[in-house]
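Asker: Here is a sequence with its predicted model. Questions after.
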Amino acid sequence: MRDSQRYRHGAQECLLAAKETSQPYYRKLRLSMASSWLSLARQEEFVDHPLASSATTESVKIDELAV
C-alpha cells in the first residue's frame, strides 16, 4: 500500500470515529486528525505526481460532523 493510501485510510478511520462519538471535544479532535491525515496524503500525492495532483483535488465534507 502506498503512503498516500495509508494516510487516506487514517483520515477515513478518524472520520468514522468522529461520527460515532457523542462528545464534542473528541469529535473535533478526530476531525482535526482526519484533516491532518488528508493533508499528508495530498502532500505525498503531490510529491509523486506534481502536475496530476492539482487537477484531481477532491473535496471532503466534514462540516456535517461538526457540532
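Answerer: Received it, and whenever you're ready, just let me know what you need. Not measured: the values here are computed from a predicted model.

Asker: Determine the number of other residues adjacent to residue 26.
Answerer: Neighbour count of residue 26, defined by other CB atoms under 10 Å: 13. (Glycine included, C-beta is placed from N, CA and C.)

Asker: and what of residue 2?
Answerer: The number of residues packed around residue 2, counting by other CB under 10 Å, is 11.

Asker: need the contact list for it.
Answerer: Neighbour list for residue 2: 44, 48 [criterion: CB atoms under 8 Å, 6 or more residues apart in numbering].

Asker: other SSEs contacting the helix ranked longest in the chain?
Answerer: With secondary structure taken from DSSP state H, the chain has its longest helix at helix 24-48. With contacts defined as 3 or more CB pairs under 8 Å, 6 or more residues apart in numbering; DSSP states H and E, the packing partners of helix 24-48 are helix 3-20, helix 50-55.

Asker: what pLDDT, on average, does it get?
Answerer: For helix 24-48, the mean pLDDT works out to 94.

Asker: picking up where we left off before, which of the helices and strands packed on helix 24-48 sits closest to residue 31?
Answerer: Of all the helices and strands packed on helix 24-48, helix 3-20 sits nearest to residue 31, with 5.1 Å by CB to CB.

Asker: circling back: out of the helices and strands packed on helix 24-48, nearest to residue 40?
Answerer: That would be helix 3-20 among the helices and strands packed on helix 24-48, by CB to CB, at 4.3 Å.

Asker: Buried ones in the closest one, by neighbour count?
Answerer: Neighbour counts over helix 3-20 (16 or more other CB atoms under 10 Å) mark 4, 7, 8, 10, 11, 14, 15, 17, 18 as buried.

Asker: Stretch 26-44 now?
Answerer: Neighbour counts over stretch 26-44 (16+ other CB under 10 Å) mark 27, 30, 31, 33, 34, 37, 38, 40, 41, 42, 44 as buried.
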